[in-house]
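Trainee: Here's my sequence, what's the structure:
(2 chains)
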Amino acid sequence: MFKRIPGTKDILPAEVTIWQEIEKISRGIFSLYNYQEIRPPLVEDAKLFNRSLGQTAEIVQKQMFLIQNKEELYALRPEATASVVRSYIENSLDKTNSFLKVYYIGPMFRLERPQKGRYRQFHHVGCEVLGSSDACLDVEVISLAAKLLDNFSVSGYKININSLGCAKDKEKLQKNLREALKNSADKLCVDCQNRLKTNVLRILDCKHESCKKIVDSLKLEHQHLCPECLDHFNSVLNGLDLLGIEYKINYSLVRGLDYYTRTVFEITHPELGSQDAIGAGGRYNNLVQELGGPDTGAIGFAFGLERVLLVSKLSQEKKNENDLVFLITLGDLAKIRGMGILADLRKYGIPADTDYENKSLKGCMRKANDLNARLVLILGENELKNNVITVKNMLSGEQKEVNLSQLTKEIKC
RNA sequence: GUGGCUGUAGCUCAAUUGGCUAGAGCGUCUGAUUGUGGUUCAGAAGGUUUGCGGGAUCGUUCCCCGUCAGCCACCCCA
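Mentor: Residues are numbered from 1 along each chain as shown, chains lettered A, B, ... in the order given. Presented below is the predicted three-dimensional model:
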């Protein structure tokens, strides 16, 4: 017997409607904000992710799904930002559209140990905006994220926000951190002692109580921000205040991906266990240039759909609606004639189905009921003789005979 | 990658200190006087006999070891 590979999931018919609903809502909201869909490939040159996410990122070091093809090393995308930026540059979108708003919905791949809310193939719905460093854009993007969650019927989420500053500020922050931690290095956890050399910023969001205390006592806050970045951050906060979006400033919020600059944010939900981030994003003003494009401001975010579904109330609200007309035929002659009737109904856009299991009339009625059919049509010997068909309304239970030539007209209204 | 817990019909769970033919509910299918659903009632199928492999035992679903998978936590992140 074959089995799913660990960390993957079959989305079965019973569950797929909720996924379609989420996708439909997403598309609706994105177009409300004038975003267009982009569909980059799922595989990319592995080097694209090394470059964009940073060599020290956990994702790059151990979580990439790699495919060796002769000399080339491909990778299934662990996230979509890098692909979108690559596409933007490769297709010269910077030259044809000075400003671009795009969204995407699709699977991502990371070779992590599976856990609640953590899969090896999981799904993102996210967006990227390229071509502006305006603080108002940050406000739009964050408010868009909140709007999506509201429409996903997710409540009780928390938005954490911070600013890493520009490239120079980030360097300054790293330098400040190293300086400040010089004397207390031996009090940090083992991981953080390593981070001191490889990835100092991650010390800020270490979960160890002892490390947290040390970091808190440093009171670094936004000392590293240059006047422009500080100004940008304050403008973002003002904009969010104006829109009535609640947030919390979290000075130790850094992200695991190298490309972030200035605004970073993370949306968490208290009902989830340790995988409590349902979405996150931020600015990446240097990434486009880094990947060979022009100096371009950009920002984006993504939600993990599996996590969103864990806290969404949509499934409970969703009603069973079905427009289906179910045809029951009795006898071989009726069965053949039935195929023509089905074809007619479908031609007029009426969803229709029949029984292919040779069930009894009672069995067919039960099946129609299970399918939540709105109408049942019965074609038997009596009907055939008189060139009519019995139409039964499953809600009211009423039924009547209708002339076969009048059927589609009758059903339509 | 590290640690802990779990693994019995499609699903959720039972099975007295290791001992007769491994049970129930839900679901599925069939039927309740020959052409009518939802409720109800009756019956049936469904476990290659308890994830898989090995071991201890007269004997185990239950004990031990390995393995695989799932869950939870660490880590990381959406």
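Trainee: Could you check how many residues crowd around the closest residue to A:M64 other than its chain neighbours?
Mentor: Nearest non-adjacent residue to A:M64, counting by CB to CB, 6 or more residues apart in numbering: A:A75, 4.8 Å away. All C-beta atoms are positioned from the backbone trio N, CA, C, and that covers glycine. Neighbours of A:A75 under the rule other CB atoms under 10 Å: 22.
Trainee: can you tell me how far A:A75 sits from A:S83?
Mentor: Using CB to CB, to the nearest Å, we find A:A75 at a distance of 10 Å from A:S83.
Trainee: could you pull out the strands for the stretch 251-400 of chain A?
Mentor: A:261-268, A:277-283, A:298-304, A:325-329, A:352-354, A:375-379, A:388-393, A:399-403 (DSSP state E, counting those that start in this stretch).
Trainee: Let me have these in TSV, adding mean pLDDT and mean neighbour count as columns.
Mentor: What follows is the strands of the stretch 251-400 of chain A, written out as TSV (pLDDT from 0 to 100; neighbours: other CB atoms under 10 Å):
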stretch	mean pLDDT	mean neighbour count
strand A:261-268	95	24
strand A:277-283	95	25
strand A:298-304	97	24
strand A:325-329	96	24
strand A:352-354	95	19
strand A:375-379	96	23
strand A:388-393	96	18
strand A:399-403	94	14
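Trainee: Which of those sits closest to A:Q289?
Mentor: Smallest distance to A:Q289 across the strands of the stretch 251-400 of chain A (CB to CB): 10.0 Å, for strand A:298-304.
Trainee: For RNA strand B, which of the strands of the stretch 251-400 of chain A is the nearest?
Mentor: Among the strands of the stretch 251-400 of chain A, the nearest to RNA strand B by CB to the nearest atom of the strand is strand A:298-304 (2.2 Å).
Trainee: Only alpha carbons, please: show the closest one as PDB.
Mentor: Written as PDB, here are the backbone C-alpha positions of strand A:298-304 (Å, rounded to 0.1, in the frame of the first residue of the first chain):
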ATOM      1  CA  ALA A 298       8.700  46.500  -1.700                       C
ATOM      2  CA  ILE A 299       6.500  44.900   0.900                       C
ATOM      3  CA  GLY A 300       4.400  41.700   1.300                       C
ATOM      4  CA  PHE A 301       2.900  39.200   3.600                       C
ATOM      5  CA  ALA A 302       1.500  35.700   3.600                       C
ATOM      6  CA  PHE A 303      -1.000  33.600   5.600                       C
ATOM      7  CA  GLY A 304      -0.600  29.900   6.300                       C
END
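Trainee: That strand pairs with which strands, parallel or anti?
Mentor: strand A:121-130 (antiparallel), strand A:277-283 (antiparallel) (DSSP bridges).
Trainee: Of the ones you listed, which is nearest A:I350?
Mentor: strand A:121-130 (32.3 Å).
Trainee: Now do the same contact list for the residue of the stretch 251-400 of chain A found nearest RNA strand B.
Mentor: Closest approach between the stretch 251-400 of chain A and RNA strand B, counting by CB to the nearest atom of the strand: A:G256, at 1.4 Å. For A:G256, the contact set (CB atoms under 8 Å, 6 or more residues apart in numbering) comprises A:A57, A:E58, A:I59, A:R202.
Trainee: related to what we said a few turns ago, distance to RNA strand B added to the strands paired with strand A:298-304, as JSON lines?
Mentor: Converted to JSON lines, the strands paired with strand A:298-304 look like this (distance: least, CB to the nearest atom of the strand, whole Å):
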{"stretch": "strand A:121-130", "distance to RNA strand B": "4"}
{"stretch": "strand A:277-283", "distance to RNA strand B": "3"}
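Trainee: got CSV for these, with distance to A:V388 too?
Mentor: Formatted as CSV, those follow (distance: least, CB to CB, whole Å):
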stretch, distance to A:V388
strand A:121-130, 50
strand A:277-283, 56
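Trainee: Out of those strands, flag the one nearest A:N403.
Mentor: strand A:121-130 (49.4 Å).
Trainee: From A:F233, how far off is A:I249?
Mentor: Distance of A:I249 to A:F233, given as CB to CB: 9 Å.
Trainee: returning to what we had before: surely the residue nearest to A:M64 forms part of a strand?
Mentor: Yes. With DSSP: H, G, I helix; E, B strand; the rest coil as the criterion, A:A75 is part of a strand.
Trainee: Next, find the distance separating A:K385 from A:I341.
Mentor: Taking CB to CB, one finds A:K385 at 16 Å from A:I341.
Trainee: more crowded one of these two?
Mentor: Each of A:K385 and A:I341 has its neighbours counted (other CB under 10 Å); A:I341 has more, 21 against 8.
Trainee: wait, the more buried one sits on A:V391?
Mentor: No. Counting by CB atoms under 8 Å, A:I341 sits too far from A:V391 to count as a contact (11.4 Å).
Trainee: shared neighbours, those two?
Mentor: Joint contacts of A:I341 and A:V391 (CB under 8 Å, 6+ apart) are A:L377, A:L407.
Trainee: can you put the strands of the stretch 251-400 of chain A in CSV and add distance to A:E179?
Mentor: Shown next, in CSV, are the strands of the stretch 251-400 of chain A (distance: least, CB to CB, whole Å):
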stretch, distance to A:E179
strand A:261-268, 22
strand A:277-283, 25
strand A:298-304, 30
strand A:325-329, 75
strand A:352-354, 72
strand A:375-379, 76
strand A:388-393, 79
strand A:399-403, 84
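Trainee: Which one, of the ones you listed, ends up nearest to A:V311?
Mentor: It is, among the strands of the stretch 251-400 of chain A and with distance given as CB to CB, strand A:277-283, at 6.8 Å.
Trainee: can I get the CA coordinates of that closest one in CSV?
Mentor: C-alpha atoms of strand A:277-283 as CSV (Å, rounded to 0.1, in the frame of the first residue of the first chain):
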residue,chain,number,x,y,z
ALA,A,277,1.8,32.6,13.7
ILE,A,278,-1.0,32.5,11.2
GLY,A,279,0.6,35.2,9.0
ALA,A,280,3.6,37.4,8.7
GLY,A,281,5.3,39.9,6.4
GLY,A,282,7.2,43.1,6.1
ARG,A,283,9.2,45.3,3.9
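Trainee: Which strand residues bridge A:G300?
Mentor: Applying DSSP bridges to A:G300 gives these bridge partners: A:E128, A:G282.
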